[in-house]
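# A structural model of the following input is requested.
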Amino acid sequence: MLDFYYLTGYRRALETVELTGRFCAGTRQRVGWDNMPANFRDDWEDPRLDMTVEGYPDWYSIRRAGWALTGMTDLYEANPDPALGQEIRAMIRVLGRWQDADGRWRSRFGSFMRSAEVFMHAAALNGLVRAYELIGDPAAKELCIRGCRFISTKTVTRDGLMYYKESPVNNTGPASSNILAFRPKVFAYEQTGDPAILQAMWRLFRWHLEREEIKGFMVHHALWALPTFHKAGLLDVWKNEEI
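You can find the predicted model right below:
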């Protein structure tokens, strides 16, 4: 919507961004994330962590927090309100409390609450990279890099493809929605030069092309990685392989 406003100057688009951003800015207090118990990362049986328990809607939701952060950063780009900047920093702190030492944000699979869903990580990672770009918060950078390294090394198949869920029934095949992580992964790779991050992106990119299953939303995310692939010489290698 913000891009549409930049391209057309259509005021209604900007107003929509403002309304959405303000709604996102109220998410942390509205849901009550500051009231989560201090030991929740050790006590995963707390029913408030289960999004399916009646009365506790989304009390713990990586995707909801990540997209709320993204919505705020979109508004901040158009209107750098200091109060909004403080709310962005508060959401970064929430994501910092939720991330474990390995860079994982956990999700519940049935009664199992120990592992990650990669595309939900992407929601948080996109918000974090946007926050770092706009307000320069060092915690956002650290969390983003740690999260990108985790999904590039710990949630991949033996062929190096990022899978859907870190669970026995979902960790053998790749998932197309993981392309949502490309923008933050490009950032993390530029900051660290970690070859594992580049390889994870490249393998998923090649998998999409070789399956000839490209959807519209994927193009937007793939474009973030193309300059990085080109600089690394991977596109030339692929072209020669095709010949």
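
# okay, now Gln2: neighbour count?
Not quite, residue 2 is Leu, not Gln. The local packing of Leu2 (other C-beta atoms under 10 Å) involves 17 other residues. Where C-beta positions appear, they are placed from N, C-alpha and C, glycine not excepted.

# surely it touches Thr16?
No - under the criterion of C-beta atoms under 8 Å, Leu2 is not in contact with Thr16, lying 9.1 Å apart.

# and the residue nearest the centre of this structure?
Ala122 (2.1 Å; C-alpha atoms, centre = their mean).

# what about the helices in the protein?
2-8, 11-25, 27-31, 62-78, 82-98, 118-135, 138-153, 182-192, 195-211, 216-231, 234-242 (DSSP state H).

# what's the closest of the ones you listed to Leu161?
With respect to Leu161, and counting by C-beta to C-beta, the nearest of those is helix 195-211 at 5.3 Å.

# that closest one - what's its average pLDDT?
For helix 195-211, mean pLDDT rounds to 91.

# what comes into contact with it?
By C-beta atoms under 8 Å, 6 or more residues apart in numbering, the residues outside helix 195-211 that reach it are 148-149, 151-153, 156, 159-162, 174, 176, 178-179, 182, 185-186, 188-189, 214, 218, 222, 225, 228-229, 232, 234, 238.

# I'd like the helices of the chain as TSV, with distance to Trp105 appended.
Shown next, in TSV, are the helices of the chain (distance: least, C-beta to C-beta, whole Å):
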stretch	distance to Trp105
helix 2-8	26
helix 11-25	18
helix 27-31	16
helix 62-78	4
helix 82-98	6
helix 118-135	6
helix 138-153	7
helix 182-192	13
helix 195-211	17
helix 216-231	19
helix 234-242	29
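
# looking at the ones you listed, which is nearest to Glu166?
helix 118-135 (7.9 Å).

# so how far is that closest one from its chain's centroid?
Relative to its chain's centre, helix 118-135 lies at 5 Å (C-alpha atoms, centre = their mean, to the nearest Å).

# and the gap between Met1 and Leu19?
According to C-beta to C-beta, to the nearest Å, Met1 stands 10 Å off from Leu19.

# sorry, wrong one. I was asking about Tyr76.
14 Å.

# over to Glu77?
On the measure of C-beta to C-beta, Glu77 and Leu19 end up 15 Å apart.

# which one of those two is surrounded by more residues?
Per other C-beta under 10 Å, whichever of Glu77 and Leu19 has more neighbours is Glu77, with 15 against 11.

# and the residue lying closest to the more buried one once chain neighbours are set aside, how many residues sit next to it?
Closest residue to Glu77 apart from its sequence neighbours, by C-beta to C-beta, 6 or more residues apart in numbering: Leu134 at 6.1 Å. When neighbours are counted by other C-beta under 10 Å, Leu134 registers 17.

# ok, Leu134 touching Asp74?
No - counting by C-beta under 8 Å, Leu134 sits too far from Asp74 to count as a contact (9.6 Å).

# pLDDT weak spots in the protein?
By pLDDT under 70, the low-scoring segments of the chain are 37-59, 108-114, 168-172, 212, 241-243.

# so the closest residue to Pro138 other than its chain neighbours versus Thr16, what's the distance?
Nearest residue to Pro138 in three dimensions, chain neighbours excluded: Tyr132, at 7.9 Å (C-beta to C-beta, 6+ apart). Separation of Tyr132 from Thr16 (C-beta to C-beta) stands at 25 Å.
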